[in-house]
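In: Starting from these lines, generate the structure:
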Amino acid sequence: MQTSSLAPGLSRKVKKILEIKTEGPEVISSISTLSQFYTSNSAADRRDLRSNIENRSLHINDAFISAAESVIAALDGVQSNLDGLADSCAKIQNVLDATKLSAAPLLGETQALQAELGATQHKAQLVEEFLEHYQLSQEEVAALQSEDVGPAFFAALSRVRHIHDNCRSLLRTHHQRAGLELMDLMASYQESAYERLCRWVQSECRGIGDFDAPEVDGNLQAAVRALQQRPVLFKYCAEEVATARHNALFQRFITALTRGGPNGMPRPIEIHAHDPKRYINDMLAWVHQSLASEREFVVALFGGDEPEGDGLTNGSSRGAMEARRAALEARGLGGAEGLNTASLLDRIFESICRPLRVRVEQVLMTSPPLLLCFQLTQLHSFYLDLTQKIVGPEAQLTLALRSCRDMAHRSFLEHLRVRGEKLVQQPPAAPADLSVPPQISEAVQIMLELIQVHESDLGVGTEGAPQEQGSSGAFEAVLAAMLDPILEAIDASTQAMAAPPTKSSSGSSLGALGIASTRAQNGAPASGPPTHAHSPSSQHMFAVNCLSAVASALAARPCARVQAERVAGVLETRLSMLVAGEVGTLLGRCGLAEVLERLAMYGQQHAALREQAQAQQAAAEAGGPQPAIYGAGLATAPASDPSLSLQRIADTMRAFFATISSPDALPEFLPLQAHRVRADAVGRVAKSLVEAYEAVYAALDDPTNGYLEQGGTSAVKHSPAHVRTIFGVL
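Out: The predicted model follows:
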């Protein structure tokens with residue numbers, strides 16, 4: 001059916017119905033409510049649907065009105081109550097207004113009283129603060145006037161000092177009179193308290209001397225710190241402590257020497273008086289131990305510089321030391337008459353200086369051996385260095401130890417001088433086997449023991465002390481004083497080995513050795529008296545043996561490096577003289593020495609002529625006058641010299657080769673006791689002989705010598721390589 005055939009009104013209704021959205025929540029809720037009472041779908045029901053819905057709505061409104069009537073009645077009751085409450089509030093307000101009007105004068109008086117109370121409380125607070133800063137309490141006054149010294153006394157004394165300092169602020173205001181009166185009052189409290197404290201400290205300090213290692217009570221420490229504010233009283237107390245410890249230390253030292261410790265342990269020190277080293281070491285160790293304990297006690301009681309440990313000056317600059325000294329002077333502890341840790345210890349240990357020095361002098365007056373004197377010197381140097389780091393270089397104990405050290409050093413030097421003079425004035429005779437004499441061995445052994453003592457010493461001498469044995473320079477002087485007589489005795493013994501005083505056998509000659517000398521060197525027996533005892537070679541071997549013993553003792557010793565180098569130089573000179581003598585003897589035996597000497601002479605002449613020619617050429621190039629050439633007539637070739645003919649040189653070299661080909665050609669230097677030195681000497685002789693042969697062989701090939709025209713080295717059967725092979729020289 002088309003919409004155009006419908007009536008316009010119906011068409012709008014159909015369109016409106018079609019446009020209704022049935023899926024909306026309102027539509028769904030309405031339909032759900034409708035389904036509750038619309039159960040049948042008849043024509044009558046559909047016609048009565050509107051009236052049914054309106055009736056149902058009317059019933060609902062009636063029910064709402066009946067329910068609201070009770071609420072309205074309740075609200076009416078509330079409203080009546082509110083009205084009554086408002087009436088009551090109005091009445092109360094009226095009463096309050098009347099009451100306020102009548103109480104106004106009382107409130108004004110109350111406010112005035114409250115203001116006056118606040119001002120009074122503020123004044124009371126100011127008074128309390130003033131009393132707190134400028135007055136002592138009754139308990140504090142009682143503590144200051146009490147004979148008991150304890151924490152309450154020190155607290156009250158500190159309080160007095162604080163009030164005295166606070167009074168200075170009053171002097172800068174208009175309350176100067178009050179400030180002066182309070183300062184006078186506090187000053188009187190302070191003086192009486194300090195006097196009472198000083199008497200208490202002195203009484204306590206008198207009992208300190210009765211103990212070996214007294215413990216410092218906390219009250220005593222606090223009392224001493226408090227007395228530092230009064231330098232005079234502090235000095236009195238410090239002197240009292242020093243006197244008590246002075247007397248106690250003297251008694252303890254004498255007891256340790258004669259009686260020992262409790263029940264005899266440790267044993268008395270003087271029981272070891274027969275052993276000087278242990279005796280002096282025990283005394284010095286006791287002194288050092290006592291010094292450490294006394295220093296700890298003094299520092300704990302009086303305060304002082306910071307402990308320095310083993311090295312007093314290590315890690316502390318001069319500026320830091322000056323700062324500490326200035327701090328002490330500021331407290332009244334410095335200056336010439338001031339008291340510090342070092343000065344107190346100096347006064348305490350002054351008592352044992354004389355008995356210690358007397359006992360050391362008694363030991364040194366017994367003329368102990370040389371090594372013992374050196375050990376005692378080192379021992380005193382060690383403890384002197386430790387002591388002066390604690391008490392200073394000018395303390396009585398330091399001066400006593402330095403005096404003992406110097407005495408031991410003088411005794412050591414005197415022993416060293418006497419021993420050296422005896423060794424030089426009575427040089428030992430050389431043994432038949434050219435070994436080291438017992439006197440030289442003993443001196444070398446003593447020198448080695450001195451070095452070992454020096455190297456094992458724990459003390460290091462103070463810089464700037466000229467006699468301090470711990471320093472390297474001082475020990476170098478001691479080592480030189482020990483070594484010089486040994487070297488002089490070796491030279492004197494070597495010179496005494498010379499033959500009887502004849503012109504042909506001087507002790508300083510390096511002439512050729514005889515056959516008997518060579519046999520003696522090789523260990524072969526010789527008839528008659530031993531001729532090697534008077535030969536230069538024997539002298540050198542004896543000196544080399546002695547010097548080798550000295551050098552081996554000084555080897556690998558850092559402290560003897562300079563002297564070891566000195567001995568090594570002398571040994572090298574002697575060894576070179578020994579080798580030169582043997583080489584000269586062998587070359588002279590086969591005639592090769594003369595050939596080398598004449599070849600060297602011709603070589604010098606040719607060298608001089610070459611220098612003159614070069615000078616003339618240089619002058620010609622410069623355009624100056626040409627110098628004359630002198631000795632031109634001597635510029636002949638060695639081959640023209642009959643004594644240097646090729647045949648004679650070939651015969652000489654042949655004789656040399658025959659000489660060295662024999663089994664006993666080279667000297668074995670059997671008297672040399674050091675295997676290394678002996679092998680070195682044999683090797684040097686072989687090397688020198690090879691060099692001599694090579695020099696002559698090279699001269700034959702030199703065109704300037706004139707031997708090439710005659711055949712040169714072809715006339716010589718053996719080359720230098722053959723000689724090297726025989727000697728084993730590479």
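In: contact partners of stretch 261-273?
Out: 256-260, 278-279, 282-283, 286, 363 (Cβ atoms under 8 Å, 6 or more residues apart in numbering). Yep, even glycine has a C-beta here, placed from its N, CA and C like the rest.
In: Out of those residues, which one has the lowest pLDDT?
Out: Within the contacts of stretch 261-273, pLDDT reaches its minimum at residue 260, with 80.
In: residues near that one, how many?
Out: 16 (other Cβ atoms under 10 Å).
In: ok, now residue 475?
Out: Neighbour tally, residue 475, other Cβ under 10 Å: 22.
In: For the strand or helix carrying it, what does the pLDDT average out to?
Out: For residue 475, the host element (DSSP states H and E) is helix 472-496. Average pLDDT, helix 472-496: 86.
In: Which other helices and strands does it contact?
Out: With contacts taken as 3 or more Cβ pairs under 8 Å, 6 or more residues apart in numbering; DSSP states H and E, helix 472-496 sits against helix 396-425, helix 438-456, helix 536-554, helix 561-590.
In: got the angle between it and helix 438-456?
Out: 170 degrees (axes from the mean of the first three to the mean of the last three Cα atoms, to 10 degrees).
In: Residue 717 in helix, strand or coil?
Out: Judged by DSSP: H, G, I helix; E, B strand; the rest coil, the three-state class of residue 717 is coil.
In: any idea how far residue 713 lies from residue 700?
Out: 5 Å (Cβ to Cβ, to the nearest Å).
In: Which one's more surrounded, these two?
Out: Using other Cβ under 10 Å, the more surrounded residue of residue 713 and residue 700 is residue 700, with 24 against 19.
In: ok, now how distant is that one from residue 282?
Out: Taking Cβ to Cβ as the measure, residue 700 falls 81 Å from residue 282.
In: now swap in residue 77 and tell me
Out: With Cβ to Cβ as the criterion, residue 77 and residue 282 are 119 Å apart.
In: my guess is residue 244 meets residue 204, correct?
Out: No. Using Cβ atoms under 8 Å, residue 244 is not in contact with residue 204; the gap is 10.3 Å.
In: re the thing from before, which of residue 77 and residue 282 has more neighbours?
Out: Comparing residue 77 with residue 282 by other Cβ under 10 Å, the one with more neighbours is residue 282, at 21 against 10.
In: quick one: the helix or strand containing the more buried one to helix 396-425, angle?
Out: Under DSSP H and E, the secondary-structure element containing residue 282 is helix 276-302. Angle, helix 276-302 to helix 396-425, by the same axes, to 10 degrees: 160 degrees.
In: Show me which residues of helix 276-302 are buried.
Out: Across helix 276-302, burial judged by 16 or more other Cβ atoms under 10 Å covers 276, 279-284, 286-287, 290-291, 294-295, 297-299, 301-302.
In: try stretch 431-447
Out: Residues of stretch 431-447 classed as buried by neighbour count (16+ other Cβ under 10 Å): 434-437, 439-440, 443-444, 446-447.
In: May I ask which helix or strand of this structure has the lowest mean pLDDT?
Out: Across the helices and strands of the chain, mean confidence by mean pLDDT, DSSP states H and E is lowest for helix 515-521: a mean of 34.
In: quick one: low-confidence ranges for the stretch 201-350 of the chain?
Out: For the stretch 201-350 of the chain, the stretches flagged by pLDDT under 70 are 208-214, 304-339.
In: sorry, back to before: okay, the angle between the helix holding residue 475 and helix 561-590?
Out: Angle between the axes of helix 472-496 and helix 561-590 is 20 degrees (criterion: the same axes, to 10 degrees).
In: For burial, what's the neighbour tally of the residue lying closest to residue 301 once chain neighbours are set aside?
Out: Among residues not flanking residue 301 along the chain, residue 216 sits closest, at 5.0 Å (Cβ to Cβ, 6 or more residues apart in numbering). Number of residues near residue 216 (other Cβ under 10 Å) recorded here: 16.
In: Now do the contacts for residue 216.
Out: By Cβ under 8 Å, 6+ apart, the residues touching residue 216 are 297, 300-301.
In: Was I right to think residue 574 contacts residue 543?
Out: Yes. Counting by Cβ under 8 Å, residue 543 is a contact partner of residue 574 at 4.7 Å.
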